[in-house]
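> My questions are about this predicted structure, shown below with the sequence.
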Amino acid sequence: MPTPNQETDRIIIVGGGPVGMITALRLAQLDIPVVVLDAQAETPTAHRAATTHSSTLDLLDIVGLTDTIIEQGLTARYFQYRYRTTNEVFAEFDFGRLAEESNHPYAVQLEQHKTVAIALAAAEKFPHFEFHRERTVTDVVNETDYAEVVTETPDGSQQTWRGRYVIGCDGGRSTVRKSQGIGFPGFTWEERFIIVASYFDYESADNYRYRNYLADPGQWCSVFKIPGPDDPDNKNGMWRNLFPVITDDPDDVVTSEPYIRNMINTCFPYAKDLEIVHSNLYSVHQRVADSFHKNRIMLAGDAGHINNPLGGMGMNSGIADGLNLAEKVGQVWRGDVTDDQALFAQYDRQRRPLAQKYVQAQSIQNKETLQAKDPEKATARFEEMRKTAEDPKRHKAFLMNASLINMVREAAAIE
Ligand SMILES: Cc1cc2nc3c(=O)[nH]c(=O)nc-3n(C[C@H](O)[C@H](O)[C@H](O)COP(=O)(O)OP(=O)(O)OC[C@H]3O[C@@H](n4cnc5c(N)ncnc54)[C@H](O)[C@@H]3O)c2cc1C
């Protein structure tokens, strides 16, 4: 390796979403120079992740973010499953049962752009942290002695950034992953998902918890509370509904107000007149990259794995990727480990198979439970869920997976 150049011996992170920003913060805390490059002028406020699980709150204590996340968020100790048609609660889970397993036996509901802002504010205190917006990475060079990324600004000017390693945290469509020819096998669900945000208070109207799933062979859905925007209309938080689009109608039809109102009316007749503050249509995929590591390039978060949002696992598992990787980069940087490639191969072994085993398997199972079509199978699944909630041992075992505590522990045990 050539003598490191102080100007370029640094880590380059592509993508300043939750995974990139938290990974960068940890690297900065470890005294490692880090540059984050993001394509956008502002952090997008689209409705995406809101649930931060116990395992992540424990991990974020390491970087000192947990208290602020709890302060700004809503503490969600319970979550429910209901039958959509009768509204009967058939299973309720209590994260409080994880009190001996986690310092934070609850989930916190906080929009991901707020988590990014909290991490950015903490990272900006380090002189060796840099964040550049409106830098779209168009190419990545993975050489024996260094890695480089090429960025483009909106006016078309190009710039090359050299570093010791590049970490691709650039989301599901990752340019970093594609530049390395790393495959992204999996599938896309047939149905699109639509998310609707309003100030309608489901808790007062119908005793909803802050996280709720409504099962139905046709129009299943979920209801979640979030703190919501800093807006005079926001008196007591915002609620999000996630609906699957179960017809083949084109995007402009399914995003039209009458279509959305019909879905709301089907699931929540008493809320049919609510004011739709925001709605957004998503395609949903289940994919895991063929590798999280190639020479000087690593992938973390959605760049390495994407899944449906049921269970709230994408951002949580991505943050666990990023913090795992940052510790390994730290070991190399300090000279504790000389074989960096062996260490990054361990990162791949610790994170990639578990993304399959926990995140993919559970998010698919969550969706199948909600939408089971065959009446016999549906009854059997719901009955199983009810029994799981009622049996203390099974209840806790279910939560150990749902909170991703088992995933983090299993990863740490892989050599
Ligand atoms: C409706 C919905 C609800 C969800 N709810 C949850 C939840 O409750 N809990 C949970 O854990 N997960 C949830 N998820 C998943 C979660 O949103 C993602 O897993 C999370 O955003 C991944 O973070 P990331 O930092 O890896 O990627 P992103 O958040 O996608 O960030 C990628 C960043 O990279 C930048 N970028 C992209 N391409 C380039 C480029 N070429 N050059 C430079 N920059 C680039 C983007 O601008 C962006 O800032 C949900 C997703 C959806 C759609």
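Cool, the structure landed.
> Now name the helix or strand holding the residue nearest to Met263 when sequence neighbours are not counted.
What sits nearest to Met263 in space, not counting adjacent residues and going by C-beta to C-beta, 6 or more residues apart in numbering, is Phe243, at 4.7 Å. All C-beta atoms are positioned from the backbone trio N, CA, C, and that covers glycine. Using DSSP states H and E, Phe243 falls within strand 238-245.
> Just the residues contacting that strand, thanks.
47, 50, 191-202, 219-229, 254, 263-264, 267-268, 277, 281, 309-310, 371 (C-beta atoms under 8 Å, 6 or more residues apart in numbering).
> Mind giving me the packing neighbours of the lengthiest helix in the chain?
The longest helix of the chain (DSSP state H) is helix 314-334. Under the contact definition 3 or more C-beta pairs under 8 Å, 6 or more residues apart in numbering; DSSP states H and E, helix 314-334 sits against helix 18-29, strand 51-52, helix 54-63, strand 165-168, strand 305-306, helix 340-354, helix 405-413.
> Quickly check: the fourth one near the ligand or not.
No. Counting by C-beta under 6 Å from any ligand atom, the ligand has no neighbours in strand 165-168; the shortest distance is 8.8 Å.
> that older thread, could the helices and strands packed on helix 314-334 be laid out in JSON lines, adding mean pLDDT and mean neighbour count?
Below are these laid out as JSON lines (pLDDT from 0 to 100; neighbours: other C-beta atoms under 10 Å):
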{"stretch": "helix 18-29", "mean pLDDT": "98", "mean neighbour count": "28"}
{"stretch": "strand 51-52", "mean pLDDT": "98", "mean neighbour count": "26"}
{"stretch": "helix 54-63", "mean pLDDT": "98", "mean neighbour count": "22"}
{"stretch": "strand 165-168", "mean pLDDT": "98", "mean neighbour count": "30"}
{"stretch": "strand 305-306", "mean pLDDT": "96", "mean neighbour count": "28"}
{"stretch": "helix 340-354", "mean pLDDT": "97", "mean neighbour count": "18"}
{"stretch": "helix 405-413", "mean pLDDT": "95", "mean neighbour count": "16"}
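> which ones are touching the closest residue in space to Lys328 that isn't next to it in sequence?
The shortest distance from Lys328 to any residue other than its chain neighbours is 4.9 Å, reached at Leu343 (C-beta to C-beta, 6+ apart). For Leu343, the contact set (C-beta under 8 Å, 6+ apart) comprises 328, 331-332, 337.
> helix/strand/coil for whatever residue of the stretch 151-300 of the chain ends up closest to the ligand?
Using C-beta to the nearest ligand atom, the closest approach of the stretch 151-300 of the chain to the ligand is made by Gly171 at 2.9 Å. Following DSSP: H, G, I helix; E, B strand; the rest coil, Gly171 is assigned to coil.
> Same check on Gly218?
coil.
> pretty sure it is touching Thr247, no?
No. If you go by C-beta atoms under 8 Å, Gly218 and Thr247 don't touch, sitting 10.5 Å apart.
> returning to that earlier point: will you turn the contacts of Leu343 into CSV that also has neighbour count?
Output for the contacts of Leu343, formatted as CSV (neighbours: other C-beta atoms under 10 Å):
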residue, neighbour count
Lys328, 17
Gln331, 14
Val332, 18
Val337, 14
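> Take the helices and strands packed on helix 314-334 and write them to CSV, including distance to Tyr83.
Below are the helices and strands packed on helix 314-334 laid out as CSV (distance: least, C-beta to C-beta, whole Å):
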stretch, distance to Tyr83
helix 18-29, 33
strand 51-52, 22
helix 54-63, 27
strand 165-168, 42
strand 305-306, 29
helix 340-354, 32
helix 405-413, 28
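> returning to what we had before: could you report the distance from the residue nearest to Lys328 to Arg240?
Distance, Leu343 to Arg240, using C-beta to C-beta, to the nearest Å: 39 Å.
> cool, Arg261 as well?
Taken as C-beta to C-beta, the span from Arg261 to Arg240 is 16 Å.
> In terms of neighbours, single out the busier of the two.
Taking neighbours as other C-beta atoms under 10 Å, Arg261 and Arg240 compare with Arg240 leading, 21 against 15.
> What's opposite that one in the beta bridge?
Ala197, Phe224 (DSSP bridges).
> Sort out which residues of stretch 255-267 are buried, please.
Under the neighbour-count criterion of 16 or more other C-beta atoms under 10 Å, stretch 255-267 has 255, 259-260, 263-264, 266-267 buried.
> what distance separates stretch 247-254 from the middle of the whole chain?
Stretch 247-254 sits 26 Å away from the centroid of its parent chain (C-alpha atoms, centre = their mean, to the nearest Å).
> can you check stretch 315-326 too?
That offset, for stretch 315-326, works out to 10 Å (C-alpha atoms, centre = their mean).
> these two touch, right, Leu323 and Thr56?
No. Using C-beta under 8 Å, Leu323 makes no contact with Thr56, being 9.1 Å away.
> So what touches the helix or strand bottoming out on mean pLDDT in the chain?
Using mean pLDDT, DSSP states H and E, the weakest-scoring helix or strand in the chain turns out to be helix 361-371, at a mean of 85. Contacts of helix 361-371 with the rest of the structure, by C-beta under 8 Å, 6+ apart, involve 81, 189, 213-217, 220, 222, 244, 286, 307-311, 313, 381-382, 385, 401-402.
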